[in-house]
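Colleague: the sequence isn't on hand, but the structure is:
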């Protein structure tokens, strides 16, 4: 348990949960302001790969920066359980042709429309997670 | 539509959606690293109020800083629809007794256990939102 009374998840469990959800949130700084954007993604070894447009704010602001990537799942107001995982690491454009081909084979298809041929990899340096237990003992996972 | 092909939501719709969900994510900088934490919250006028412990990393790092607050809802991999709203503004501790009493009457009960007598208000200076339309035309809202 942490100081807030939440269960601390192991790195292994964090990686497992990260791989279970379709949409996460990338957190970065854009023109000195905190920015966050939901994205679909794949987990590739100890990293997260997303697709964006090469002239997007995300590509411009996050490439070469330390970013956070968050996933979570929470129940409703009544049951009040859930978990969250946050990975922190450097974001870099995937430019190596073999690496690009490998990522493309994984079928990372962006949910949003528009050309998105910029692959951004977040190398996970730190990963942490917390679980909130249900009030009603009816929460899964 | 924005450059990425997503529908741009009006400020009014953003505020309506913000008020519909129980859990959001506060985004701040903690010791020069991007940080994000899920929290339950209430919307109070043009601001978001959350509760935390007075010695939490969140209270220490976010108070007096410009933070982002994000809410979203996404469907599954198949339908691929959803929306997200991001509010940006200064976070400040609620210390005025009348203001505290008003917030307490609203019944902002933290989901996580532990003493959480530190009320943090994020005054919304900028709010923006996007909606991703479903592939399958079966998405609500």
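Modeller: Structure's in. What do you need? Bear in mind the structure is a predicted one, so any value in this text is a computation, not a measurement.

Colleague: residues contacting residue A:37?
Modeller: Residues counted as contacts of residue A:37 (Cβ atoms under 8 Å, 6 or more residues apart in numbering or on different chains) are A:25, A:26, A:58, B:84. Using the backbone N, CA and C atoms, a C-beta is placed for each residue, glycine as well.

Colleague: from these, list the buried ones, please.
Modeller: Listed as buried from the contacts of residue A:37 are A:25, A:26, A:58, B:84; burial here means 16 or more other Cβ atoms under 10 Å in any protein chain shown.

Colleague: remind me, longest strand of chain A?
Modeller: strand A:118-132 (DSSP state E).

Colleague: tell me the strands beside it, with direction?
Modeller: strand A:7-9 (antiparallel), strand A:47-52 (antiparallel), strand A:82-93 (antiparallel) (DSSP bridges).

Colleague: for residue B:52, which of those strands is the nearest?
Modeller: For residue B:52, the closest of the strands paired with strand A:118-132 is strand A:82-93, at 14.8 Å, according to Cβ to Cβ.

Colleague: tell me which helix or strand comes right after the closest one.
Modeller: helix A:97-105 (DSSP states H and E).

Colleague: what residues of that next one count as buried?
Modeller: Residues of helix A:97-105 classed as buried by neighbour count (16+ other Cβ under 10 Å): residue A:103.

Colleague: and for stretch A:48-65?
Modeller: For stretch A:48-65, burial by neighbour count (16+ other Cβ under 10 Å) applies to A:48-53, A:56-59, A:61-63.

Colleague: the inter-axis angle of the lowest-mean-pLDDT helix or strand in chain A versus strand A:47-52?
Modeller: Scoring the helices and strands of chain A by mean pLDDT, DSSP states H and E places helix A:97-105 at the bottom, with a mean of 91. Computed with axes from the mean of the first three to the mean of the last three Cα atoms, to 10 degrees, the direction of helix A:97-105 lies at 80 degrees from that of strand A:47-52.

Colleague: show residues contacting helix A:97-105.
Modeller: By Cβ under 8 Å, 6+ apart, the surrounding residues in contact with helix A:97-105 are A:42, A:44, A:49, A:94, A:119.

Colleague: if we can go back for a sec, most widely separated two among the buried ones among the contacts of residue A:37?
Modeller: Greatest spatial distance in these: A:58 and B:84, 13.1 Å, computed using Cβ to Cβ.

Colleague: who touches residue A:58 in this structure?
Modeller: Counting by Cβ under 8 Å, 6+ apart, residue A:58 makes contact with A:26, A:28, A:35, A:37, A:39, A:52, A:120.

Colleague: and with 6 Å instead?
Modeller: Counting by Cβ atoms under 6 Å, 6 or more residues apart in numbering or on different chains, residue A:58 touches A:37, A:52.

Colleague: could you check the pLDDT of it?
Modeller: Here, the pLDDT recorded for residue A:58 equals 94.

Colleague: part of a helix, is it?
Modeller: Yes. Counting by DSSP: H, G, I helix; E, B strand; the rest coil, residue A:58 falls inside a helix.

Colleague: against residue A:27, how distant is it?
Modeller: From residue A:58 across to residue A:27, the span is 11 Å (Cβ to Cβ, to the nearest Å).

Colleague: and for residue A:54?
Modeller: In terms of Cβ to Cβ, residue A:54 sits 20 Å off from residue A:27.

Colleague: check which helix or strand covers residue A:16.
Modeller: Here residue A:16 is covered by helix A:11-18, with elements defined by DSSP H and E.

Colleague: just to revisit the earlier point, and the strands paired with strand A:118-132, which is most packed in?
Modeller: Mean neighbours per residue, mean count of other Cβ atoms under 10 Å in any protein chain shown, is largest over these for strand A:47-52, with a mean of 23.

Colleague: list of residues touching that one?
Modeller: Contacts of strand A:47-52 from elsewhere in the structure, counted by Cβ under 6 Å, 6+ apart, are A:39, A:41-42, A:58-59, A:69, A:103, A:108, A:110, A:116, A:118-124.
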